[in-house]
Each structure stands twice: as structure tokens, then as C-alpha cells.
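Visitor: Sequence below, structure please.
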Amino acid sequence: MLTDPISDMLTRIRNAAMARHERVHIPASRLKQTIADVLKAEGYVSEVQVEAAQNEAPQDTLTLTLKYGRDRAPAIEGIRRVSRPGRRIYVRAQEIPKVKSGLGIAVLSTSRGIMSDRQARKAGVGGELLCEIW
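Guide: Sure, this is the predicted structure:
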């Protein structure tokens, strides 16, 4: 049993990007799917699919198609979990950090749902700082 499914998701994405895999398969949940949708909207992932459980599989699978640039350089250079189960990090709208001077994104869980740092600043809401991606 996983105690932190978001960390597991981020680790799978990081490992797949470092190994230059085209796709990464993750056990699905609504939270993971909304984080994946933010990654797609920000241009880090090209496609997000939810595949129904087959045969003996206990749950659905979330399949992300990773993006690569020239010379197979991954779009995701780094990914870091900020708020963990042992230490939750909350920020106000004015305190949302700029990742790599605006070249990366932060993913937040707000009262209006999961959103990127740019969307949260525009909406004027803060929340739990889930992860940073650059």
C-alpha cells in the first residue's frame, strides 16, 4: 500500500523521462488525472488517457504520453514533490513561488480545484503546494 500516491506518480514520470520512455502507466485516481491534465495544459505531456481495468487489474490505469524536444531531450527536466504527508506546505496567492524564474510551474490544490501557479495567481487563490515541474 502506498502512503503517498502523488509522490509515486511523480517518481514514475521522472523515471520514465530520464529513461526516454514514450509512455508511462500509473494507477489512476481523480486527483492524479487532474494533475496530469494540468501537465498537458502546460505542455509537459502530449496526451492523457484513462484505460479501464482489464482481467485481474484492481483499478484503472492512467497513461501519459511524454513530450520530447530536439535530440530526445525531455520536456520535463525536473519534478519535485513539495507538500508531503509528513509536512504539508500551504501558500497564499501572493506567496506562490515562481519555479525557475517562471520557466517551470507549480501545481496547487486550491478550493477551486487543482491548478497551475499561473492560474492560481490569476484567480487570486492559494492552497497546498503539491509539486514543482521544470
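
Visitor: quick one: low-confidence ranges for the protein?
Guide: 1 (pLDDT under 70).

Visitor: repeat that for 80
Guide: 1-2, 55-57 (pLDDT under 80).

Visitor: Determine the three-state secondary structure at the residue located most distally from the centre of it.
Guide: Centroid-distance maximum for the chain: residue 55 at 27.9 Å, with C-alpha atoms, centre = their mean. Look at residue 55: counting by DSSP: H, G, I helix; E, B strand; the rest coil, its state is coil.

Visitor: Next one: it relative to residue 29, how far apart?
Guide: Distance of residue 55 to residue 29, given as C-beta to C-beta, to the nearest Å: 20 Å. Heads up, the C-betas are built off the backbone N, CA and C, glycines and all.

Visitor: again with residue 122
Guide: From residue 122 to residue 29 the distance is 27 Å (C-beta to C-beta).

Visitor: and what of residue 16?
Guide: Distance of residue 16 to residue 29, given as C-beta to C-beta: 18 Å.

Visitor: Please, which helix or strand holds the closest residue to residue 74 other than its chain neighbours?
Guide: Among residues not flanking residue 74 along the chain, residue 17 sits closest, at 4.1 Å (C-beta to C-beta, 6 or more residues apart in numbering). Using DSSP states H and E, residue 17 maps to helix 5-18.

Visitor: any idea of the angle the next helix or strand after that helix forms with helix 5-18?
Guide: Sequence order places strand 23-27 as the next helix or strand after helix 5-18, per DSSP H and E. Put simply, strand 23-27 runs at 170 degrees to helix 5-18, going by axes from the mean of the first three to the mean of the last three C-alpha atoms, to 10 degrees.
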